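Asks: I would like to see how this sequence folds:
(chains A and B)
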Amino acid sequence: KAGVTQTPRYLIKTRGQQVTLSCSPISGHRSVSWYQQTPGQGLQFLFEYFSETQRNKGNFPGRFSGRQFSNSRSEMNVSTLELGDSALYLCASSLGGMGYNEQFFGPGTRLTVL
Amino acid sequence: DQQVKQNSPSLSVQEGRISILNCDYTNSMFDYFLWYKKYPAEGPTFLISISSIKDKNEDGRFTVFLNKSAKHLSLHIVPSQPGDSAVYFCAVSYGQNFVFGPGTRLSVLP
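Replies: The predicted model follows:
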């Protein structure tokens, strides 16, 4: 069974631009969660989608948004990029949701904002 | 205010010895606890979990202990191997609330 895939793996943008990241979950998984990892901050939860509905949201500004398609693939969008948005963005999929189920993570997208 | 703390940013252990990684949480509502391991340039991978109705769970060389009254959990790795060198994250949840700790970098020295 194929694992979680994320595209692109690396991305360089400039301040003020917007970016879209993509995540394809493991086949059959209906939950996709997104995380931001920065040095010293661990994994900060962004949001979770389950069956195309946002089920849970972390404490990030409205510039961060996402969506999930009927095939469970998910996209995350960041508008008006800031230098502080430079981070590794990870997505994870699970069968029933992030709370009580093992999450399977993709390799991440490394975003650099100049 | 951090809901989950891993007070040791890094830990070095000799190969063959025990590694003990600690995690503290603030909210007694959390009822499910997990540990993930992360190698550089890879996403985290699930290691082991424990629910609040238990105080210990073992899986091979990995054991997680839960002390609910102290709001503390720990991961024991015995014996430690060089391949265990990674960043370890604890995670806590209840309902749809899910929080990762900041991580502890474990280095197992040959």
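
Asks: Grab the nearest non-local neighbour of residue A:25.
Replies: residue A:93 (3.2 Å; C-beta to C-beta, 6 or more residues apart in numbering or on different chains). Every residue, glycine included, has its C-beta placed from N, CA and C.

Asks: Number of residues surrounding that neighbour?
Replies: Per other C-beta atoms under 10 Å in any protein chain shown, the neighbour tally for residue A:93 reads 26.

Asks: For chain B, give me the ranges with low pLDDT.
Replies: B:1 (pLDDT under 70).

Asks: contacting residues for the residue in it that chain A sits nearest to?
Replies: Closest approach between chain B and chain A, counting by C-beta to the nearest C-beta: residue B:43, at 2.9 Å. Contact analysis of residue B:43 by C-beta atoms under 8 Å, 6 or more residues apart in numbering or on different chains lists A:4, A:90, A:92, A:105, A:106, A:107, A:108.

Asks: Which secondary structure state is assigned to residue B:83?
Replies: helix (DSSP: H, G, I helix; E, B strand; the rest coil).

Asks: give the contact list for it.
Replies: Taking C-beta under 8 Å, 6+ apart, one finds residue B:108 in contact with residue B:83.

Asks: give me the beta-bridge partners of the residue nearest to residue A:25?
Replies: With DSSP bridges as the criterion, the beta-bridge partners of residue A:93 are residue A:32, residue A:104.

Asks: next one: residue B:10
Replies: Beta-bridge partners, per DSSP bridges, of residue B:10: residue B:105.

Asks: How about the residues of chain B by chain A?
Replies: Proximity of chain B to chain A, by C-beta under 8 Å from any C-beta of the partner chain, involves residues B:9, B:32, B:34, B:36, B:41-46, B:49, B:89, B:93-103.

Asks: For stretch A:42-59, could you pull out the residues that count as buried?
Replies: A:42, A:43, A:44, A:45, A:46, A:47, A:48, A:49, A:50, A:55, A:56, A:58 (16 or more other C-beta atoms under 10 Å in any protein chain shown).

Asks: Remind me what the strand or helix carrying residue A:77 packs against, helices and strands.
Replies: Following DSSP states H and E, one finds residue A:77 within strand A:74-78. Applying 3 or more C-beta pairs under 8 Å, 6 or more residues apart in numbering or on different chains; DSSP states H and E, one finds that strand A:74-78 makes contact with strand A:19-24, strand A:31-38, strand A:64-68, strand A:87-94.

Asks: Near chain B, which residues of chain A are found?
Replies: For chain A, the contact set with chain B under C-beta under 8 Å from any C-beta comprises A:4, A:33, A:35, A:40-45, A:48, A:55-56, A:90, A:92, A:97-100, A:102-108.

Asks: Which among those count as buried?
Replies: Buried among the residues of chain A next to chain B (16+ other C-beta under 10 Å): A:4, A:33, A:35, A:42-45, A:48, A:55-56, A:90, A:92, A:97-100, A:102-108.

Asks: My guess is the residue nearest to residue A:25 contacts residue A:28. True?
Replies: No: judged on C-beta atoms under 8 Å, residue A:93 makes no contact with residue A:28 at a distance of 9.1 Å.

Asks: hmm, back to that, select from the residues of chain A next to chain B every entry located in strands.
Replies: Secondary structure from DSSP state E places A:33, A:35, A:42-45, A:48, A:55-56, A:90, A:92, A:104-105 of those in strands.
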